[in-house]
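Novice: How does the following fold in three dimensions:
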Amino acid sequence: MIFPHRMPPTWLIVTLMALCGTIVSLQHTIAIPMLPSVPETYGVSTDDASWLVTSTLLVAAVATPVVTRLADMVGRRRMLVIVMSVMTAGSFIALLGTFPALIAGRSLQGFATALVPVAISILRDTLPPARIGTAIGGLSATLGIGTTLGIPLAGFLQDIAGPLTVFWVAGVCGALLTIGALLIVPDIGSRSPGQFDFVGALLLSMGLAAVLLTLSKGGSWGWAGPRTLGCVAAAVVVFAVWAPLQWRAPNPLVNLRTAVHRPVLLTNLAGMLITFAMFINTLATTQQLQLPTWTGHGFGLTATSAGLAVATTAFAQVLVSPFAGMLIDRWNGRAVLLIGSVVTTVACAVRLVVPGTVVTVTACAFVIAGGTAVSFAALPGLVMAAAPESESSAANGINTLLRSIGASLASATLAMILVSLSVDSGSAPVPTARAFDVVWVVAGMCALVTTVLGVLLPRRFPAHTETPTIDACRNALAGNETTSPASSNSPVPVAARRARDLF
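Specialist: Purely as a prediction, here's the structure:
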């Protein structure tokens, strides 16, 4: 480290985490412009080419709870460096020029998603309380900015230097940020003791893989097809086995007692729903702008022009996220979540009634992006306020995971609605105007339910006490009370107090 005897400047840590968040969020969409050319370039089917996106989603879903649990156990700085190194390696592997290497590289890039909750916990560990809200708001902004800019940036690089250029950019940026993390990020923060739950990790990975395969492949397999139904059945069986094991495990991968704690549960559900609305906004707006003008509700823009129009929504996220962070510091996360969800709900309703022009469509997308960005800024703070400090990475990891599922649900739902409400144009089915109306009703309902969940959140969070593991409870009852790192200054160990209360 370049600051071995003192804390690095807070602005330096915040800047590094924001840059990491940006490069991570870019991984979600940088491969999308490549998809049309992959079948011809590599001699594969269109369905095989879609694994460039599916593989990243699957690995992200599996890696997030595993990496965040390890971050709480062995140190957040260490896992930050490991995740960035894996993402960087994946970027360079994708440059080898074969389709298997491309899929392998994209899979390794999926690990990057796990960085986000780890970075949030690092900000909590290193920043003064008065600056945490603003910093998390800025980090949340980078996630939306990277996701939104990924498609036009990748398309631009592909046009001027070839489709694999995006992997050079991701690899070089990843290497520089990994070095920055080694030199700047301090190794501090409480840690959660215990052994890693390998059985729980394996079962959770299998269940999440089945869920994500269902969402990402259900459209091409057929929602009532045997492979889709098989994945659904597998997910139900695996989670039916996994949940009781996690509930009884001495050191669970996911502390279900914390996960079902009312504020955490409501916040996670809100995160999934508002993410659904955000992705619907990006995907539906892009598609409608590119529809032929003869449909009466399309605008005939090229893919590049539509991408640039949607990219303006990133500017909304840049504008509102720091402002949302200041509101969190001034008021609280609950109020900010409500502001964002109400704005999103109203904007979706307005989208249904305003005259359809490029300006009005882009303006509504701009406002919806701003509303979702405000809500995103509030989510990590709400999770950290409700979860034990020693589990903050894992708790935010579950929130990130559910947001990823919300994004996958948005993509699958949009495809299902547009396909089912389309007309035959002679060459390909074209979505009707009613299809887009239904899409905005669904997005608005998700934002409205997010508002209801925000109302149900407590106005103030009580001083948090650590949720005891089973081993901690047994030790406390036996008189072998041990103090957790997060409560080392407490006169009575937290686990002992909670164990007596429970029993």
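Novice: ok, how many other residues are close to residue 39?
Specialist: Neighbour count for residue 39, taken as other CB atoms under 10 Å: 15. Bear in mind the C-beta positions are built from the backbone N, C-alpha and C, glycine included.
Novice: Hmm, residue 50 and it touching each other?
Specialist: No. Look at residue 39 against residue 50 with CB atoms under 8 Å: they stay out of range, at 10.0 Å.
Novice: The protein - how does it break down into domains?
Specialist: Domain segmentation of the chain under automatic domain parsing yields 1-188, 197-251, 254-464, 470-502.
Novice: lowest-confidence stretch among the ones you listed?
Specialist: With a mean of 38, domain 470-502 has the lowest mean pLDDT of the domains of the chain.
Novice: Enumerate the positions of stretch 60-70 that are buried.
Specialist: Within stretch 60-70, the residues scored as buried using 16 or more other CB atoms under 10 Å are 60-70.
Novice: Would you map the strands across the chain?
Specialist: Counting by DSSP state E, the chain has strands at residues 422-424, 429-431.
Novice: out of the ones you listed, nearest to residue 356?
Specialist: Closest to residue 356 of the strands of the chain is strand 429-431 (CB to CB; 13.4 Å).
Novice: outside of that closest one, which residues touch it?
Specialist: Applying CB atoms under 8 Å, 6 or more residues apart in numbering, the contact partners of strand 429-431 are 287, 291-292, 295, 298, 418-419, 421-424.
Novice: Just the buried positions in that strand, please.
Specialist: Quick answer for strand 429-431 (16+ other CB under 10 Å): 430-431.
Novice: Residue 66 reaches residue 203, doesn't it?
Specialist: No. Counting by CB under 8 Å, residue 66 does not reach residue 203; the two are 11.8 Å apart.
Novice: Of the strands of the chain, which is nearest residue 346?
Specialist: strand 429-431 (24.3 Å).
Novice: what pairs with that closest one, and is each one parallel or antiparallel?
Specialist: strand 422-424 (antiparallel) (DSSP bridges).
Novice: quick one, what contacts residue 379?
Specialist: The contact partners of residue 379, taken as CB under 8 Å, 6+ apart, are 140, 267, 270-271, 274, 333, 337, 399.
Novice: Need the residue closest to the centroid of the chain.
Specialist: Closest to where the C-alpha atoms of the chain average out (CA atoms, centre = their mean) is residue 400, at 4.1 Å.
Novice: Who are the contact partners of that one?
Specialist: Counting by CB under 8 Å, 6+ apart, residue 400 has contacts 64, 68, 113-114, 116-117.
Novice: If we ignore the residues flanking it in sequence, what's nearest residue 320?
Specialist: With CB to CB, 6 or more residues apart in numbering as the criterion, residue 320 has its nearest non-adjacent residue at 4.6 Å, and that residue is residue 370.
Novice: can you tell me how far the one you found sits from residue 80?
Specialist: 29 Å (CB to CB, to the nearest Å).
Novice: Can you tell me the closest non-neighbouring residue to residue 86?
Specialist: Distances taken as CB to CB, 6+ apart put residue 111 closest to residue 86, at 4.4 Å, once the chain neighbours are dropped.
Novice: measure that neighbour to residue 248 for me?
Specialist: From residue 111 to residue 248 the distance is 29 Å (CB to CB).
Novice: residue contacts, residue 96?
Specialist: Taking CB under 8 Å, 6+ apart, we find residue 96 in contact with 102, 105.
Novice: and the residue nearest to residue 86, what is it in contact with?
Specialist: Here residue 111 is in contact with 59-60, 63, 67, 83, 86-87, 90 (CB under 8 Å, 6+ apart).
Novice: same deal with residue 219?
Specialist: Under the criterion of CB under 8 Å, 6+ apart, the neighbours of residue 219 are 412, 415-416, 419.
Novice: tally of neighbours for the nearest residue to residue 273 once chain neighbours are set aside?
Specialist: Spatial nearest neighbour of residue 273, excluding adjacent residues (CB to CB, 6+ apart): residue 446 at 4.3 Å. When neighbours are defined as other CB under 10 Å, residue 446 has 26 of them.
Novice: Quick check, residue 446 in contact with residue 274.
Specialist: Yes. Contact criterion CB under 8 Å: residue 446 and residue 274 qualify, at 7.2 Å.
Novice: Can you give me the distance of residue 32 to residue 101?
Specialist: Distance of residue 32 to residue 101, given as CB to CB: 19 Å.
Novice: From the contacts of residue 219, list the buried ones, please.
Specialist: Buried among the contacts of residue 219 by 16+ other CB under 10 Å: residue 412.
Novice: Distance to residue 394 added to the contacts of residue 219, as TSV?
Specialist: Formatted as TSV, the contacts of residue 219 follow (distance: CB to CB, whole Å):
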residue	distance to residue 394
412	27
415	32
416	33
419	38
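Novice: of the contacts of residue 219, closest to residue 227?
Specialist: Using CB to CB, those come closest to residue 227 at residue 412, 14.7 Å.
Novice: got a list of what the closest one touches?
Specialist: Residue 412 neighbours (CB under 8 Å, 6+ apart): 215-216, 218-219.
Novice: Pick out whichever of those residues sits closest to residue 158.
Specialist: Closest approach to residue 158 among the contacts of residue 412 (CB to CB): residue 216, at 22.7 Å.
Novice: Residue 109 against residue 27, yeah?
Specialist: Yes. Residue 109 lies in contact with residue 27 (CB under 8 Å); the separation is 4.6 Å.
Novice: Neighbour count: those two, which is higher?
Specialist: Counted by other CB under 10 Å, residue 109 and residue 27 do not tie: residue 109 has more neighbours, with 31 against 26.
Novice: Which residues lie in contact with residue 370 in this structure?
Specialist: Neighbouring residues of residue 370 by CB under 8 Å, 6+ apart: 316-317, 319-320, 343.
Novice: Would you mind listing which of those are buried?
Specialist: Using 16+ other CB under 10 Å, the buried ones in the contacts of residue 370 are 316-317, 320, 343.
Novice: okay, the contacts of residue 412 in JSON lines with distance to residue 438 next?
Specialist: Supplementary listing: those in JSON lines, determined by distance: CB to CB, whole Å:
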{"residue": "215", "distance to residue 438": "19"}
{"residue": "216", "distance to residue 438": "21"}
{"residue": "218", "distance to residue 438": "18"}
{"residue": "219", "distance to residue 438": "16"}
